[in-house]
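Next input, structure requested:
(one chain, ligands or ions: 1)
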Amino acid sequence: MKRDPRRALVLTYSQTGQTQLYGRLIAAVLKNDGIKAVAADVRDFDMAALPSFDLVMVGVPVFYWDVPGNVIDALNSAPRLGGVPVASFVTYGGHGGNQHNTARRLLMLLWRRGGLPVGMETFGAMSTFAPTWSMGNEGRILSFRHRPDEETYDRARRYAAAVLDRARRSAAVSYRKEFFPADLIRGGPSIALNKIITGRHTIDASACTGCGVCQKKCPVGAIDLDTFSVDTKRCISCLGCINNCPANAIDMTYMGKKVYGFAEFKKRHAISVSLPKELKRKS
Ligand SMILES: Cc1cc2nc3c(=O)[nH]c(=O)nc-3n(C[C@H](O)[C@H](O)[C@H](O)COP(=O)(O)O)c2cc1C
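Numbering: from 1, shown residues only. Below is the predicted model:
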């Protein structure tokens, strides 16, 4: 069956902007092909509107070898898609972080809502798992400091074109699961383990400027800025608070060591992310 997609949605969940960047690029590529493409954030998007698009792409970061739990919940609450072409993508840090299986799982979630699977892809980025550099392994992260770059942006461009082509032809795809031992403890069990290793997780009232970024980034409403506290039971250890705080005011320890976030890590190493040409024009 031939289709003529006109309205595409590129929905992303992104804590430190890398997935969002790929999502915006994909939307720009679709727009250049004459599609009315909208790039939106899962947290601001009304899932009831999902079936009003005739191509849906969803992108997430790999967190704890899995699709972030809040995105799983959001997609499971979405209405039936009635055969709308769907595609997934993930961003990941470094190598061997279960990115293939995570992109596949995200695609399966969309397929279970009644979407027609037309693609999945993985894009390398810098790891934002703050304990890694805070514990002295800066080198591991810095070896990917160039990402995202022209090479990974080009993959995204080719992916957007391939998805559109398959959507037009209603050409469904399937992907095999890869053998990945840690798949057994992905998501919840890994988060539980991480919480045991995490010591303090609170807000330093003397450093906090009250800007509210941590609250905005927290996908589970675990931060109370009136009492400068974090509900660590509710927290899903996404590190969105510490990674985005501009004042370095999230007080967290990991195996006894003070953790600092991605914003601070980029500042210390003078890292700036280069934009793809499609987004430069607009910014
Ligand atoms: C809490 C947390 C857990 C992570 N777990 C993984 C993982 O299991 N595998 C992986 O490849 N990368 C992992 N990463 C790295 C992120 O997937 C990667 O940095 C991603 O590009 C961040 O996307 P964002 O900037 O859109 O938030 C993790 C990062 C964080 C903060």
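
Need the contact partners of stretch 134-152.
Contact with stretch 134-152 is made by 18, 21-22, 91, 93-94, 123-127, 132-133, 254-255, 257-260, 265, 269, 271, 273-274, 276, as judged by CB atoms under 8 Å, 6 or more residues apart in numbering. C-betas here are computed from N, CA, C, even on glycine.

same thing with stretch 271-283?
Counting by CB under 8 Å, 6+ apart, 17-18, 21, 24-25, 28-29, 32, 126, 145, 148-150, 153, 156, 265-266 sit against stretch 271-283.

List the buried residues of it.
In terms of neighbour count (16 or more other CB atoms under 10 Å), stretch 271-283 has its buried residues at 273, 275-276, 278.

cool, stretch 240-247 as well?
240-245.

Would you point out which residue of the stretch 151-283 of the chain is nearest the ligand?
residue 239 (4.3 Å; CB to the nearest ligand atom).

Dihedrals phi and psi, that residue?
phi 70, psi 10 (degrees, to the nearest 10).

Surely it and residue 133 touch.
No: taking contacts as CB atoms under 8 Å, residue 239 lies outside contact range of residue 133: 11.8 Å.

quick one, what contacts residue 29?
Counted by CB under 8 Å, 6+ apart, residue 29 has contacts 156-157, 160-161, 278.

what's the helix or strand for residue 60?
Applying DSSP states H and E as the criterion places residue 60 in strand 55-61.

pLDDT of that strand, averaged?
Here strand 55-61 scores 98 as its mean pLDDT.

Is that strand positioned near the ligand?
Yes: interface with the ligand: strand 55-61 contributes residue 61 (CB under 6 Å from any ligand atom).

looking just at contacts, which helices and strands does that strand meet?
Packing partners of strand 55-61 (3 or more CB pairs under 8 Å, 6 or more residues apart in numbering; DSSP states H and E): strand 7-12, helix 18-32, helix 69-76, strand 85-93, helix 99-112, helix 150-169.

if we can go back for a sec, give me the buried entries from the contacts of stretch 271-283.
For these, buried by 16+ other CB under 10 Å: 17-18, 21, 24-25, 28-29, 126, 145, 148, 153, 156, 265-266.

just those residues now: which is nearest residue 62?
Nearest to residue 62 among the buried ones among the contacts of stretch 271-283, counting by CB to CB, is residue 18 at 11.0 Å.

neighbours of the closest residue to residue 219 other than its chain neighbours, just the number please.
With sequence-adjacent residues excluded and distances taken as CB to CB, 6 or more residues apart in numbering, residue 219 is closest to residue 70, at 4.0 Å. Neighbours of residue 70 under the rule other CB atoms under 10 Å: 18.

picking up where we left off before, ok, which of the contacts of stretch 271-283 also contact the ligand?
17-18, 126.

Who are the contact partners of residue 175?
100, 103-104, 107, 120.

what's the offset of stretch 163-177 from the middle of its chain?
Distance of stretch 163-177 from the chain centroid (CA atoms, centre = their mean, to the nearest Å) equals 22 Å.

Inside strands: which ones of the buried residues of stretch 240-247?
The members of the buried residues of stretch 240-247 all map outside strands under DSSP state E.

right, and residue 59 touches residue 92 too?
No: Residue 59 is beyond contact range of residue 92, at 11.3 Å (criterion: CB under 8 Å).

got the residue ranges for the helices in the stretch 101-250 of the chain?
Counting by DSSP state H, counting those that start in this stretch, the stretch 101-250 of the chain has helices at residues 130-134, 138-142, 150-169, 188-197, 213-217, 240-244.

and the residue of the stretch 151-283 of the chain closest to the ligand, how many neighbours does it have?
By other CB under 10 Å, 25 other residues sit near residue 239.

Cool, thanks, signing off.
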